[in-house]
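In: any chance you could fold what I've pasted below:
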Amino acid sequence: MKLISISLLGILMLCTKIGIAQEGLPIYSDYLTDNYYLIHPSMAGASQCSQIRLTGRRNWVGEKDTPGLFTAAFNGRLTDQSAIGATVYNDENGFFSQTGGFLTYAHHLMFSRSELDLNMLSFGLSAGVIQYRLDQSSFISNGDPLISAGSLSSAEFNIDFGLSYNLYNFYTHVTMKNVLENSGVNSDFQATPNLRNLLISVGYVFERGNKNWSFEPSILYSYRDGVKQSNIDLNLKFYRNVSVGKIWGGLSYRTSLDKIDFADGTELKTQTLNYITPFIGVNYGKYVFAYTYSYQSNPVVFNNGGFHQITLGIDFSCRKKRYACYCPAVN
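Out: All right, here's what the predicted structure looks like:
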């Protein structure tokens, strides 16, 4: 019975890991580090400058073979209304990994009275390919037909689409990611191929009288349709203008809106996923640098270590006229 229980637990963990590893680009807090295009295709070219952003993330530092994520993203204007973008990423999670590449087209409609006023509705569509991989070379099959000696690999096509509305200091974004079904390497498991993830962002930037300080409360709501799970990010970001650019930082709190049961000895308890994420960054001229640290605060965790992430970026081909608002994601 003990062997059967261990086997069932192993299968459950395997299916869970595959489901997690195959959800497309993971949604962390990197969008807060001047990188909204990474999750919202309609933000391609929304900024006054073309942008390149690189991010590197490592989970549970101190453990061996921990999950890691690398992303590289570019976006910029082609014309006054048209913009393009490109994103590549590599996500590793134990025996599972995925590499994706997406191209984006965005269209921006201005409803402003002048070129200085910001009243813009944007639409974006991203299309690309994700390569899913499962390395089974170190697995012990014991005759299990679902476990092969080598690796499983599958490449599948998917799309994201969304819209954004920016009005002076206010903004909102709505994006549907992974619109198409992807089975990946899940063919022999009862795991959902529905990876659709609805993202809704809303925020506003409040200025101080001298405009040297400002703060930006925002929220991000995420709903994963396949597993009927949702979570929300509550964010507060501060900006300080300096002679060479801008210093900023803040705090993000992510909580799941769904509870999970777990056994604590003979007692059955529940918990929700909770992350606390402080971050800090600087815009030095045309360069961007940011550091993000996430801590998982729920009672039962895999490891007490944190999640570290670094963002590097550069802005170029900036338009001369700027909008008359404090809207950092656009100005």
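
In: tell me the bridge partners for Leu163.
Out: On DSSP bridges, the residues paired with Leu163 through beta bridges are Phe123, Val174.

In: SS state for Thr172?
Out: Recorded secondary structure, Thr172: strand (DSSP: H, G, I helix; E, B strand; the rest coil).

In: residue ranges of the strands in the stretch 51-200 of the chain, please?
Out: Counting by DSSP state E, counting those that start in this stretch, the stretch 51-200 of the chain has these strands, from start to end: 68-77, 82-93, 96-110, 119-135, 151-167, 170-177, 197-204.

In: can I get the CA coordinates of the fourth one in PDB?
Out: In this case it means strand 119-135. Output of strand 119-135 as PDB, limited to C-alpha atoms (Å, rounded to 0.1, in the frame of the first residue of the first chain):
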ATOM      1  CA  ASN A 119      -6.200  59.500 -25.400                       C
ATOM      2  CA  MET A 120      -5.200  56.300 -27.200                       C
ATOM      3  CA  LEU A 121      -7.000  53.000 -27.900                       C
ATOM      4  CA  SER A 122      -4.600  50.100 -28.900                       C
ATOM      5  CA  PHE A 123      -5.100  46.600 -30.300                       C
ATOM      6  CA  GLY A 124      -2.500  43.900 -30.400                       C
ATOM      7  CA  LEU A 125      -2.100  40.400 -31.800                       C
ATOM      8  CA  SER A 126       0.800  38.000 -31.100                       C
ATOM      9  CA  ALA A 127       1.400  34.700 -32.900                       C
ATOM     10  CA  GLY A 128       4.100  32.200 -32.400                       C
ATOM     11  CA  VAL A 129       5.400  28.700 -31.700                       C
ATOM     12  CA  ILE A 130       6.100  27.000 -28.400                       C
ATOM     13  CA  GLN A 131       8.500  24.000 -28.200                       C
ATOM     14  CA  TYR A 132       7.500  21.800 -25.200                       C
ATOM     15  CA  ARG A 133      10.000  19.300 -23.900                       C
ATOM     16  CA  LEU A 134      10.000  16.500 -21.200                       C
ATOM     17  CA  ASP A 135      13.400  14.900 -20.400                       C
END
